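> Predicted model and sequence below, questions to follow.
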Amino acid sequence: MPKPVLIISDNPHLVAALMQIIDDQGLADQYTIDFACSPLSGHLLISEHNGEVLQPLDIKKEYATVAEKYGLVISLHCKQLFPGDMVSKVRCVNVHPGYNPHNRGWFPQVFSIINGLPLGATIHEIDEQLDHGSIIVQKKIKVEQWDTSYTAYNKVVALEIEMLRENFKKILDGDYITYKPEKEGNVNLKKDFNALCEIDLNEKATYGELINRLRALSHNGYENTYFIDSATGKKVYIKFDLEVKE
Ligand code: 0FX
């Protein structure tokens, strides 16, 4: 048996999908695959897959033990950044919901809808910079003019699952050839997303820009977009949706 593999994730839907792939491809007989989540997720319940519960693991505190024990560590939408000391000691792979090197970082589909840069999914080796390492495989999705953050995100997640189904065994075996992204691209952080959420009522924009901003921030129930009421200072949240007819 090769050294065990650790998958760290804070996304129960993706974990359930990967557990299904592992079952379907009989991989549990050939590899020891452990799952964990981040402390911020508490104990993560994977109700879509036998109600399994993932235990939290603080990667900053535990990285030396993890690097010693495992031959591969996979971030499957893990909210913790892997320490440089760990990624230099053990092969680490990231499943990222964006098309590197475009809109690396936080919520790529939000930024792709606004800046028109390509969107998709990238599986890459992790280096010391965010969503930056050598690419193992990546695919694009088409962002339509009627996509919201939610519909674009769902397409990306479906693509990630398809890519995992096609490539997971090769990733376990290290049976792939990587290539470097053609440029550094751009990075968005949580603070950039937060800044987009506040609408300045005096900002001038075209209808197209306004619709793009509102649909980029529309994500099934999340209260993202607001303006500040000038009289009371209260935050007023905006709900926005689009429907396309054939
Ligand atoms: O699991 P995940 O989809 O992934 C996120 C980042 O997009 C990704 O770049 C990073 N590698 C990973 C660790 O974390 O995150 P989520 O379930 O928190 O969010 C899913 C979507 O929900 C997000 O793309 C946009 C939307 N959302 C989320 C939050 C928390 C909002 O619209 N507003 C929010 O406040």
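Thanks, I have it.
> Show me which residues of the chain are close to the ligand?
Listed as neighbours of the ligand in the chain under the rule C-beta under 6 Å from any ligand atom: 10-11, 77-79, 96-97, 106-107, 149, 153, 219, 222, 224. Using the backbone N, CA and C atoms, a C-beta is placed for each residue, glycine as well.
> Go through the residues you listed and flag which are in strands.
H96 (DSSP state E).
> okay, the residues of the chain next to the ligand in JSON lines with pLDDT and neighbour count next?
As requested, those are exported to JSON lines (pLDDT from 0 to 100; neighbours: other C-beta atoms under 10 Å):
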{"residue": "D10", "pLDDT": "97", "neighbour count": "21"}
{"residue": "N11", "pLDDT": "96", "neighbour count": "20"}
{"residue": "H77", "pLDDT": "97", "neighbour count": "18"}
{"residue": "C78", "pLDDT": "97", "neighbour count": "22"}
{"residue": "K79", "pLDDT": "94", "neighbour count": "14"}
{"residue": "H96", "pLDDT": "98", "neighbour count": "27"}
{"residue": "P97", "pLDDT": "98", "neighbour count": "22"}
{"residue": "W106", "pLDDT": "97", "neighbour count": "18"}
{"residue": "F107", "pLDDT": "98", "neighbour count": "21"}
{"residue": "S149", "pLDDT": "98", "neighbour count": "21"}
{"residue": "Y153", "pLDDT": "98", "neighbour count": "20"}
{"residue": "H219", "pLDDT": "98", "neighbour count": "18"}
{"residue": "Y222", "pLDDT": "97", "neighbour count": "12"}
{"residue": "N224", "pLDDT": "98", "neighbour count": "21"}
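> Can you tell me what sits against the lowest-mean-pLDDT helix or strand in the chain?
In the chain, the helix or strand scored least confidently by mean pLDDT, DSSP states H and E is strand 44-46, which has a mean of 92. With C-beta atoms under 8 Å, 6 or more residues apart in numbering as the contact definition, strand 44-46 has outside contacts at 9-10, 12, 15-16, 19, 37, 51-54, 56.
> Most neighbours among the residues you listed, please name it.
If you count neighbours using other C-beta atoms under 10 Å, the busiest of these is C37, which has 27 neighbours.
> how far away is that one from L76?
Note on C37: its distance to L76, by C-beta to C-beta, to the nearest Å, is 10 Å.
> Domains in the chain, by residue range?
Following automatic domain parsing, one gets these domains for the chain: 5-187, 188-237.
> Can you give the strand pairings for the least confident helix or strand of the chain, parallel or anti for each?
Paired strands of strand 44-46, with direction, are strand 52-56 (antiparallel) (DSSP bridges).
> Might you calculate how far the partner strand sits from the centre of the chain?
19 Å (C-alpha atoms, centre = their mean, to the nearest Å).
> what do you get for stretch 80-88?
Counting by C-alpha atoms, centre = their mean, stretch 80-88 is centred 17 Å from the centre of its parent chain.
> shared neighbours of C37 and L76, anything?
Common neighbours of C37 and L76 (C-beta under 8 Å, 6+ apart) are 8-9.
> Please enumerate the strands of the protein.
Assigned by DSSP E, the chain shows strands spanning 5-9, 33-37, 44-46, 52-56, 72-76, 91-96, 104-105, 119-125, 135-141, 187-188, 226-228, 235-237.
> Of the ones you listed, which shows the lowest average pLDDT?
Note on those: lowest mean pLDDT is at strand 44-46, with a mean of 92.
> Quick check: the farthest pair among the residues of the chain next to the ligand?
Maximum pairwise distance in those, criterion C-beta to C-beta, is 22.6 Å, between C78 and N224.
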